[in-house]
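Peer 1: Got a sequence here, can you build the structure:
(2 chains)
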Amino acid sequence: MPEATVIPLEPRDGRDARARRAEKAANRPEPVTPEPPTTEPAEWERKVAGALAFLRRRFTGDYEIDDFGFDADLTDHVLLPPLRPLYNKWFRVETRGLDNVPDTGGALIVANHSGTIPVDALMTTLALLDHHPAHRHLRLLGADLVFTLPIVAPIARKGGNTLACNADAERLLNAGNLVGVFPEGFKGIGKPFSERYKLQRFGRGGFVSAALRTGTPIIPCSIVGAEEIYPMVGNAKTLARLLGMPYLPVTPLFPWLGPIGAVPLPSKWIIEFGEPIETKDLGGPAAAEDPMLVFNLTDQVRETIQSTLYTLLMQRRSVFF
Amino acid sequence: MPPRVVLVTGVSRYLGSRLAAVLAADSSVERVIGVDTVPPKPEIEKALGRTEFVRADIRNPLIAKVIAQAEVYTVVHMNVIATPLGAGGRTAMKEINVIGTMQLLAACQKAPSMRKLVVKSTTAIYGSSPRDPALFTESEEPRALPKSGYAKDAVEVEGYVRGFGRRRPDVTLSLLRFTNFIGPTIESMLTRYFSLPVVPTVFGFDPRIQLCHEDDGIEALRRSTLEEHPGIFNVGGEGVLLLSQAIRRVGRPSFPVPAPGVSVVAQVFRRAGLVDFSPEQMRYLEHGRVADVSRFAKEFGWSPRPTAQAFEDFASRSSGGFSGDFAAAAEQKILDALARRRTANRSAAAGALGA
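Peer 2: Predicted coordinates:
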């Protein structure tokens, strides 16, 4: 039998895999076999059993989602696995400074945004889930456009993302989640190719006040490589406005080559998590009302990401290697 | 302090009659007066116990006389109707909801005996939009105010209630915003929706829904009537279900309708008298609505059962075609076949070895 692509069907929550399997086996009704099997089930048979259990759970609605609509079962088994080849083989993502991300408790990861479509958000999610020792789920804050689009909106919610607003950010942080935010927003992701490494304005610093109010650390995160996946050399502004989109990218390959043009270029990626900026001792909720402090902190985070970005660029041998 | 005389409006409807029955069974309540425009059905009347029914229209000044003569201490206003089907048209519904509340509150304002007002409202006042935070707190301002129907009525009713609170600061005001009700006996938009043989959904959307079990709704109202809990509270079960998940749990097939065709389908259902989909409800089926219920739990020291449990009580009684047992049995069959194959292979291998 040829080797098939293996989709792990165990929840990746950092617990011991064997313990999890045992627990799962205990929960599942005992198979009524005519006689006890004489051999251990083969690896592929266990996979089939796992896939069947997954299908049964989906079919009967027997899974849990949290208040934000995060469906861990679906995210781990369906939404993220197809992205792994992209992460490992296509972009060959290298992560640095993962030990700056705490194993437990709330933290706000602030990153630069680029690449025309938010592939960088997905890669950061995978980096933390697969390569962080605690296998943490990153809960991203998305623009409201994401939640108005059919198909995209429910998938975004099921993947654990929610609307970028202070209420949601603080609720997630207070519950001890790892929250990711891209303060550049559409300005960042839709920046022209000529300004690809230059960070845009960091919004109004809403993310800083959320961190201050919840006393959670801010972790600056620099992503290099997303800039080159879709080099946006033009922007069909009028058409974009007609379609109600923030921009409509024109790249050397898209839309000229149709679907082939939508394949991202295989740039080499580096994701670096910087030293956490502690906000616990800065004065709590009262400090969040101090605009000067918020602006300064916003600037500090932005500068850190920008300078790390330049350092990483110098270290990267070329765009593709 | 005993709550003495309690007046319940909307007593001929399901929740109103159940609350009146619970209060009538409580010996600490001196009198229970039920008001409605139509007399309760005989089976409801039996359950009402010692409730005194007054057939009065709360749109009519007569209600003031009832309140004054009986020296009503607590008024529980439950006569805000959610569906035009039950009220005889949208105009009549609006009349009962808005004008009725105005008249009732005017009467209450004049009644010196009155010390407490409990109002059943709805989280529908928050609307449903993709630009709202994941959970609504009581202080949240909706991004898009409901433009029509029940939700708009409820917004107006709450406005009058706030005005009343300002004019009568001596009255304890409890405003309960309930999430959608569900349960084995209640008839609501959602129970009818989930009982359709094929459940239509909006293509490309899967909203989060939050539910309140009917029994817990009654309990919340009972507690606010007999205890002192001033304030505005979201009332519902903790946790959420996705619409798709709920449809699967009730064991029915769903049928996604693309957004442009939704209003046509909704109209067909309305004409057929199956489910009364209003435009807000369509938005609800796209974006859902979840409220933060922690304030209620903290104040009352009690919580309604979680959404999933409330839904389970409904789903177990009105389950559709395929059930979980079927899926589990199919899974088991395949696993058994695999196990048999394994044993057969093993014995074949052993046989080959022996020969």
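
Peer 1: Check the secondary structure at the residue of chain B found nearest chain A for me.
Peer 2: In chain B, the residue that lies nearest chain A is residue B:204 (2.6 Å; CB to the nearest CB). C-beta coordinates here come from the backbone N, C-alpha and C atoms, glycine included. On the three-state scheme (DSSP: H, G, I helix; E, B strand; the rest coil), residue B:204 is labelled coil.

Peer 1: Output the lowest mean pLDDT helix or strand found in chain B.
Peer 2: In chain B, no helix or strand scores lower on mean pLDDT, DSSP states H and E than helix B:84-87, which sits at a mean of 68.

Peer 1: correct me, but residue B:305 touches residue B:217?
Peer 2: No - using CB atoms under 8 Å, residue B:305 is not in contact with residue B:217, being 11.0 Å away.

Peer 1: Give me the neighbour count for residue 88.
Peer 2: In the absence of a named chain, this looks at chain A. Number of residues near residue A:88 (other CB atoms under 10 Å in any protein chain shown) recorded here: 12.

Peer 1: I was after chain B.
Peer 2: Neighbours of residue B:88 using other CB under 10 Å come to 12.

Peer 1: who's in contact with it?
Peer 2: Residues near residue B:88 by CB atoms under 8 Å, 6 or more residues apart in numbering or on different chains: none.

Peer 1: What's the separation between it and residue B:94?
Peer 2: Using CB to CB, to the nearest Å, residue B:88 is found at 11 Å from residue B:94.

Peer 1: One more: residue A:117?
Peer 2: 46 Å.

Peer 1: okay, those two: which has more neighbours?
Peer 2: Shown here are residue A:117 and residue B:94; by other CB under 10 Å, residue B:94 has more neighbours (20 against 15).

Peer 1: Tell me if I'm right that the more buried one and residue B:153 touch.
Peer 2: Yes - with contacts counted by CB under 8 Å, residue B:94 reaches residue B:153, the gap being 6.0 Å.

Peer 1: secondary structure element for the residue in chain A that chain B sits nearest to?
Peer 2: The nearest approach of chain A to chain B comes at residue A:150, 2.6 Å away (CB to the nearest CB). Assigned by DSSP states H and E, residue A:150 belongs to no helix or strand.

Peer 1: Wait, it touches residue B:207, no?
Peer 2: No - contact criterion CB under 8 Å: residue A:150 and residue B:207 do not qualify, at 11.9 Å.

Peer 1: Mind listing what's buried along the helix or strand harbouring residue B:92?
Peer 2: Assigned by DSSP H and E, residue B:92 falls within helix B:90-94. With burial defined by 16 or more other CB atoms under 10 Å in any protein chain shown, the residues of helix B:90-94 counted as buried are B:90, B:93-94.

Peer 1: Find the nearest non-adjacent residue to residue B:228, please.
Peer 2: Sequence neighbours aside, residue B:172 is the residue nearest to residue B:228 in space, at 5.9 Å (criterion: CB to CB, 6 or more residues apart in numbering or on different chains).

Peer 1: hmm, I was thinking of residue A:202
Peer 2: residue A:183 (4.1 Å).

Peer 1: thinking again about what came up before, and the residue of chain B closest to chain A, what does it touch?
Peer 2: A:149-151, A:153-154, B:256, B:258-259.

Peer 1: and for the lengthiest helix in chain A, what are the contacting residues?
Peer 2: Longest helix of chain A, by residue count under DSSP state H: helix A:291-315. Applying CB under 8 Å, 6+ apart, the external contacts of helix A:291-315 come out as A:110-112, A:183, A:197-199, A:202, A:205, A:207-209, A:212, A:218, A:220-222, A:224, A:270, A:272, A:274, A:277, A:279, A:282-283, A:287-288.

Peer 1: quick revisit: skip the chain neighbours and tell me the closest residue to the residue of chain A closest to chain B.
Peer 2: residue B:204 (2.6 Å).

Peer 1: before we move on, back to that, mind listing the shared neighbours of residue B:88 and residue B:94?
Peer 2: In contact with both residue B:88 and residue B:94: no residue, using CB under 8 Å, 6+ apart.

Peer 1: any idea how far residue A:72 is from the residue positioned nearest the centre of chain A?
Peer 2: Nearest to the geometric centre of chain A sits residue A:125, at 2.8 Å (CA atoms, centre = their mean). Taking CB to CB as the measure, residue A:125 falls 13 Å from residue A:72.

Peer 1: and for these two, which residues touch both?
Peer 2: Looking at what touches both residue A:125 and residue A:72 (by CB under 8 Å, 6+ apart), the common residues are residue A:137.

Peer 1: For the stretch 51-200 of chain A, which segments count as helices?
Peer 2: For the stretch 51-200 of chain A, applying DSSP state H, counting those that start in this stretch gives helices covering A:72-74, A:83-85, A:119-126, A:144-148, A:152-158, A:166-174, A:185-189.

Peer 1: other SSEs contacting the helix or strand residue A:220 falls within?
Peer 2: Element membership of residue A:220, judged by DSSP H and E, is strand A:218-224. Judged by 3 or more CB pairs under 8 Å, 6 or more residues apart in numbering or on different chains; DSSP states H and E, strand A:218-224 is in contact with strand A:107-111, helix A:119-126, helix A:206-214, strand A:270-273, helix A:291-315.

Peer 1: Export those as a markdown table, with columns for mean pLDDT.
Peer 2: Below are the helices and strands packed on strand A:218-224 laid out as a markdown table (pLDDT from 0 to 100):
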| stretch | mean pLDDT |
| --- | --- |
| strand A:107-111 | 97 |
| helix A:119-126 | 95 |
| helix A:206-214 | 94 |
| strand A:270-273 | 96 |
| helix A:291-315 | 94 |
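
Peer 1: quick one, what contacts residue B:44?
Peer 2: Counted by CB under 8 Å, 6+ apart, residue B:44 has contacts B:12, B:17.

Peer 1: Only alpha carbons, please: show whichever strand or helix holds it as PDB.
Peer 2: For residue B:44, the element it lies in under DSSP H and E is helix B:42-47. Presented in PDB, the C-alpha positions along helix B:42-47 are these (Å, rounded to 0.1, in the frame of the first residue of the first chain):
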ATOM      1  CA  PRO B  42     -59.000  25.900  29.500                       C
ATOM      2  CA  GLU B  43     -55.900  23.700  30.000                       C
ATOM      3  CA  ILE B  44     -53.800  26.700  30.900                       C
ATOM      4  CA  GLU B  45     -56.500  28.000  33.200                       C
ATOM      5  CA  LYS B  46     -56.400  24.800  35.200                       C
ATOM      6  CA  ALA B  47     -52.600  25.200  35.700                       C
END
